[in-house]
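> Would you be able to build a 3D model of this:
(one chain, ligands or ions: 2)
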Amino acid sequence: MFSSVKKLAESSISSVVESIPSEYVYGKNNSNEDSIILGDEEAQNTTIPTIDFSQLISSNPVDRSKAIQQLGYACSHWGFFMLINHGVSETLREELLRASQSFYDLPEEDRKQYEGGNVLDPIRCGTSFNLNVEKNLLWRDYLKRHVHPHFHAPSKPIDFSTIIETYCKKSRELIGELLKGISISLGQEENYIHEVINCESGFQICIINFYPPCPKPELAMGLPPHSDHGFLTLLLQNELEGLQVFHNCKWIPIHPLPNSFLVNTGDHLEILTNGKYKSNVHRAIVNNKGTRITIATAHGPQLDDTFGPATEMTSDHNPPSYRATKYRDYINLQQSNELDKKTCLDHVRI
Ligand SMILES: O=C(O)CCC(=O)C(=O)O
Ligand SMILES: [Fe+2]
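Ligands and ions are numbered 1, 2, ... in the order given. Okay, the predicted model is just below:
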C-alpha cells in the first residue's frame, strides 16, 4: 500500500492505466439524498452567505448590526459562509500555500517521523483519515498540528513554522471577532462566548489537506461527509475547487471568491447553543486537473474542558440536548472512527 496518495498519483499506476486501485473507490454511504448535487447553473443561482469582515468590525453601528444579522442568518440556516475583506494579505496566503506544498515535497524520511502515532499527537501526518478503521481509502494526504495554546510545527521546510504561526494567529483574531458577532446574534453581549469558552486559551488545530490530481475523480473521495469538532473552522484553499456543503438536502459546490475564506460551524457551536446553530456537514471531492491544497484551522474549547450547552442557551422548555463531554475525549472519538456525517455528535445527543 502507498504511504501517501501523492506518491500513488505520481506513480505509473495512475498515470498510465488511468484508473485507481479498488480500495480508493468510494461507493458506500452514498444514500440517495446524498447524491443530489446542484448543477453549475443552479449552484450559481444559490446565494452562499457572504460576510464582509470589515463591516463586522465597523465603528458604524448600522453596518455592524447588518453584518451581525447576516452572520446569525448564516449560522442558523447554513452553518457556512464566505468571509471577505478579512485583512489577511494575499502575500501571506500565497506563502502559506507555497510552504504547504514544500512540506509535501520533502523527502519521505523527513516526514516519516510524524506518521502513525496517536490521534492527538501534536504533529501528525498521513494519508486518508484513519487507516486503522477505514474500509475505503480517501484520495487525501494530511498534516495536522496543534497550534494553540502550544505551538507545534515540523522543523522542515525552513520558514514553514514562522509562516504557519503568523497565519494561525491571524486566524484566531478573525475567529475571535466572529465569535463576538455570533454572541450578539444570540442575544448576548459581545464577549459572551469568549467568556463561556475561555477563548484565549482555547485549542486550535491546523490541518493541511493535500488532494493530488486523480485520474478518476468521480470514483474517489477526498473527505467524506462530516462535521468538524470545534466551534468554527476557517478554510483557505488554492485555486482548485472541491468543497461541497450539504444544504436543504442537496450538495452545493462552493466557488469561493478570490482571496476569501470559507467558514463553517462545528459540533461544539451546536453543543454550546443547544442546537440553535447546528454544525455544517461538508465534504471534499477531488479533480483530475491539479493538486488541491486546503488549510483548515479549527477552533475549539480547551482540550481538558468538559463542555455542554451553555446555561443561557437552555431553559425549562428547552432542556440540554447534549451531554457535557471533555473536548479531548470528543476529538478522540471522532478521530478514532471512520469520518461519517454527524455520528460523533450523535454519541453525546441526549
Ligand atoms: O478540503 C476541504 O475542502 C475541506 C476540508 C475539511 O473539511 C476539513 O479539513 O475538515
Ligand atoms: Fe471539515
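> secondary structure class for residue 210?
strand (DSSP: H, G, I helix; E, B strand; the rest coil).
> Which residue ranges of this protein form strands?
50-52, 80-84, 123-127, 141-148, 203-211, 223-226, 232-237, 243-247, 250-253, 261-265, 282-284, 292-300, 306-307, 325-326 (DSSP state E).
> Run the chain-centre distance for the fourth one.
Centre-to-centre, strand 141-148 and its host chain are 12 Å apart (Cα atoms, centre = their mean, to the nearest Å).
> is ligand 1 contacted by it?
No: Strand 141-148 stays clear of ligand 1 (Cβ under 6 Å from any ligand atom), getting no nearer than 7.7 Å. C-beta coordinates here come from the backbone N, C-alpha and C atoms, glycine included.
> what's the answer for the second one, then?
No: using Cβ under 6 Å from any ligand atom, strand 80-84 stays clear of ligand 1, coming no nearer than 10.8 Å.
> Residue 293 and ligand 1, how far apart?
To ligand 1, residue 293 is 9 Å away according to Cβ to the nearest ligand atom, to the nearest Å.
> Ok, residue 334 next?
For residue 334, the distance to ligand 1 - Cβ to the nearest ligand atom - is 10 Å.
> cool, residue 80 as well?
From residue 80 over to ligand 1 (counting by Cβ to the nearest ligand atom), the distance is 11 Å.
> same thing with residue 348?
Distance from residue 348 to ligand 1, by Cβ to the nearest ligand atom: 19 Å.
> Tell me who's in contact with that residue.
271, 322, 323, 325, 330 (Cβ atoms under 8 Å, 6 or more residues apart in numbering).
> CSV for the strands of the chain, including mean pLDDT and mean neighbour count?
Output for these, formatted as CSV (pLDDT from 0 to 100; neighbours: other Cβ atoms under 10 Å):
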stretch, mean pLDDT, mean neighbour count
strand 50-52, 98, 18
strand 80-84, 97, 21
strand 123-127, 92, 20
strand 141-148, 95, 22
strand 203-211, 96, 23
strand 223-226, 94, 22
strand 232-237, 98, 24
strand 243-247, 95, 20
strand 250-253, 92, 19
strand 261-265, 98, 24
strand 282-284, 96, 23
strand 292-300, 97, 24
strand 306-307, 92, 18
strand 325-326, 96, 17
